[in-house]
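Undergrad: my questions are about this predicted structure, shown below with the sequence.
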Amino acid sequence: MKSHTPTPVRSPCIKVCEMDDAVGLCKGCMRTQDERDWWVAYSDAQQREVLLRCEQRREALREGRGDLAPSMGPVEPKQKD
């Protein structure tokens, strides 16, 4: 029986790690500073959500729109029952 190991989500980093202060996003990957800092702590689902937000931001900036997707922010610690 073959075991299925999920493919990890690939970081959007393209090694252009410079923040654009005007919009608060990395010029290379379009992540916020929080999203860059917390990437490894995000779940796969959260990482995929960040990737969607990065795509939306890139498109909005290319089209000159100001409706940028909000930051995912830091990871909320799990509460113990």
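TA: Arrived safely, thanks for sending.

Undergrad: any idea which helix is longest in this structure?
TA: helix 44-62 (DSSP state H).

Undergrad: tell me the buried residues in that helix?
TA: 46, 47, 50, 51, 53, 54, 57, 60 (16 or more other Cβ atoms under 10 Å). C-beta here means a position set from N, CA and C on the backbone, and glycine is covered the same way.

Undergrad: show me what contacts residue 69?
TA: Counting by Cβ atoms under 8 Å, 6 or more residues apart in numbering, residue 69 makes contact with 52, 53, 56, 57, 60.

Undergrad: I'd like the residues you listed as CSV, with distance to residue 17 and pLDDT appended.
TA: Shown next, in CSV, are the contacts of residue 69 (distance: Cβ to Cβ, whole Å; pLDDT from 0 to 100):
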residue, distance to residue 17, pLDDT
52, 21, 97
53, 18, 97
56, 21, 96
57, 16, 96
60, 21, 96
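
Undergrad: what sits against the most centrally placed residue in the chain?
TA: Centroid-nearest residue in the chain: residue 50, 3.2 Å away (criterion: Cα atoms, centre = their mean). Listed by Cβ under 8 Å, 6+ apart, the contact set of residue 50 reads 12, 31, 35, 39, 42, 72.

Undergrad: mind doing that once more with 10 Å?
TA: 9, 11-12, 29-32, 34-36, 38-39, 42, 69, 71-72 (Cβ atoms under 10 Å, 6 or more residues apart in numbering).

Undergrad: can you give me the strands in the protein?
TA: Under the criterion DSSP state E, strands of the chain are mapped to 19-20, 25-26.

Undergrad: so for residue 65, which of those sits nearest?
TA: strand 25-26 (13.7 Å; Cβ to Cβ).

Undergrad: for that closest one, which strands pair with it and how are they oriented?
TA: strand 19-20 (antiparallel) (DSSP bridges).

Undergrad: quick one: contacts of the strand it pairs with?
TA: Outside strand 19-20, the residues touching it (Cβ under 10 Å, 6+ apart) are 25, 26, 27, 28, 30, 31, 32, 33, 36, 61.

Undergrad: how far away is the last one from residue 38?
TA: Residue 61 sits at a distance of 22 Å from residue 38 (criterion: Cβ to Cβ, to the nearest Å).
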